[in-house]
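*Asks:* I'll drop the sequence and a predicted model, then ask my questions.
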Amino acid sequence: MEVSGNPDNENLENGLINAHVSEMIKNRREKQGITKIALAQALGISPRQLTKIERGKARLSASHIFKAATYLETTVEALFQGIHDENFQSLPDDIQPTTCQSIPPEEVEQLQRYFLSIPEGKTRNNVLKMIKATAQAKI
């Protein structure tokens, strides 16, 4: 069974991609010294909604991603940069979903929220490597 055919795994991968893009927007905003209020106004959303997006509790639409890239003077591609590295590749074919193939949406959201709370960098990468190693261990 290929993992990409499993809706739960697709939801997890989509969640990681959304989290990555949100994190890239937040980092770019902070590096440029742009306030949440200013970016929210540029996107036509409330500062509260932007906070939810940056924390991984809500998603940006494609048009909002485009507007954010334009306002932050970057490209949409730059916001997705890094997604094609080893952390976002599908699981190898020999790793099969467990017999409990349904991941409740609240668990996906919780995983995403906790993952986003880890500062970007070495620690976050180590967490991903640990999860990958655990999945490959076939415990």
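*Replies:* Structure's in. What do you need? The structure presented is a predicted model; accordingly, all values stated were derived computationally and were not measured. Numbers count the residues shown, from 1 in each chain.

*Asks:* please count neighbours and contacts with C-alpha atoms only from this point.
*Replies:* Fine.

*Asks:* what residue lies at the spatial centre of the protein?
*Replies:* When CA atoms, centre = their mean is applied to the chain, the residue found nearest the centroid is residue 19 (1.9 Å).

*Asks:* next, count neighbours for the closest residue to that residue other than its chain neighbours.
*Replies:* Of all residues not flanking residue 19 in the chain, residue 56 sits nearest, at 5.6 Å (CA to CA, 6 or more residues apart in numbering). Residues within reach of residue 56, counting by other CA atoms under 10 Å, total 27.

*Asks:* correct me if wrong: residue 56 contacts residue 21.
*Replies:* No: judged on CA atoms under 8 Å, residue 56 makes no contact with residue 21 at a distance of 9.8 Å.

*Asks:* if we can go back for a sec, residues contacting the residue nearest to the centre of the chain?
*Replies:* For residue 19, the contact set (CA atoms under 8 Å, 6 or more residues apart in numbering) comprises 54, 56, 112, 116.

*Asks:* quick one: the strands in this structure, in order.
*Replies:* With strands called from DSSP state E, the chain shows none.

*Asks:* where in it is pLDDT low?
*Replies:* When residues are selected by pLDDT under 70, those of the chain lie in 1-13, 84-103, 138-139.

*Asks:* if we use 90, what do you get?
*Replies:* Residue ranges of the chain with pLDDT under 90: 1-24, 53-60, 77-139.

*Asks:* longest helix of it?
*Replies:* As assigned by DSSP state H, the longest helix anywhere in the chain is helix 7-31.

*Asks:* next one: that one to chain centre, how far?
*Replies:* Centroid separation for helix 7-31 versus its chain: 2 Å, with CA atoms, centre = their mean, to the nearest Å.

*Asks:* residue 71 and residue 42 touch, don't they?
*Replies:* Yes: between residue 71 and residue 42 there is a contact under CA under 8 Å: 7.1 Å.

*Asks:* what about the closest residue to residue 52 other than its chain neighbours, how many residues nearby?
*Replies:* Of all residues not flanking residue 52 in the chain, residue 58 sits nearest, at 5.4 Å (CA to CA, 6+ apart). Residue 58 has 16 neighbours, counted by other CA under 10 Å.
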